[in-house]
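Enquirer: Generate coordinates for the sequence data below:
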Amino acid sequence: TGGGRHRLVCLPCGHLFGRSCVVEWFRTVNEGGGDGKKGKCPVCKKGCALKDLRVLFAPLGLCAADDGGRGEREEQLAREIVGLRNKLEIEKRKRKAAANKASDFKRLTDSYARELKELRSATAHPAPVPAPPVAHPAPDPAARVVLAPHPPTGLAAPPAPRAG
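Expert: Numbers count the residues shown, from 1 in each chain. As a prediction, the model looks like this:
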């Protein structure tokens, strides 16, 4: 509000707060001891005392909002969002690298599959290899070849029938 215990005040560092919020902050910070009259700025942690607070006279309608600690929570959530975005970018890069490796592997295996198919096809149906030409000697016109029937080799004549 513009007046009362939650008046708009300024710490020596320049940060603005509601008076009741700063007083409560000083008490919280000094729970371990002290009178709650000295503390640190909740934003920049610069040391200050309650006597250093300056009441600000602002135009009508400008006042300190009591956010119930939401500002700190918002900052924490903003930091968490930044951290998660960074993690997301790292995971995206890892995924892209893995996809590239998978693509390279697919191309390589496809190449091997084609080569294997070609080799199997070539060994299953080999192309006929022409026989080398045989050199025959030129016929001698003076030589005379006589072809005579030969008895079959290795066969014995059947035995003659017996009388009797």
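Enquirer: Residue 133 falls within a helix, correct?
Expert: No. Looking at residue 133 with DSSP: H, G, I helix; E, B strand; the rest coil, it is coil, so not inside a helix.
Enquirer: Check the gap between it and residue 140 for me.
Expert: As judged by Cβ to Cβ, to the nearest Å, residue 133 and residue 140 stand 21 Å apart. To be clear about C-beta, it is placed using only N, CA and C from the backbone, and glycine gets the same treatment.
Enquirer: Next: residue 113.
Expert: For residue 113 relative to residue 140 (Cβ to Cβ), the value is 61 Å.
Enquirer: ditto for residue 39
Expert: Going from residue 39 to residue 140 by Cβ to Cβ gives 131 Å.
Enquirer: So which of these two has more stuff around it?
Expert: Higher neighbour count among residue 39 and residue 140: residue 39, with 21 against 8, using other Cβ atoms under 10 Å.
Enquirer: pretty sure that one contacts residue 23?
Expert: No. With contact defined as Cβ atoms under 8 Å, residue 39 does not reach residue 23; the gap is 9.2 Å.
Enquirer: got a list of contacts for stretch 53-60?
Expert: Contacts of stretch 53-60 with the rest of the structure, by Cβ atoms under 8 Å, 6 or more residues apart in numbering, involve 2, 7, 8, 9, 10, 11, 16, 19, 22.
Enquirer: The protein: strands as residue ranges?
Expert: Using DSSP state E, the strands of the chain run over residues 8-10, 16-18, 38-40, 47-49, 54-55.
Enquirer: in its sheet, what does the second one sit against?
Expert: Looking back up the chat, that one is strand 16-18. Note on strand 16-18: by DSSP bridges, its sheet partners are strand 8-10 (antiparallel).
Enquirer: try the last one
Expert: For strand 54-55, the pairing partners within the sheet under DSSP bridges are strand 8-10 (antiparallel).
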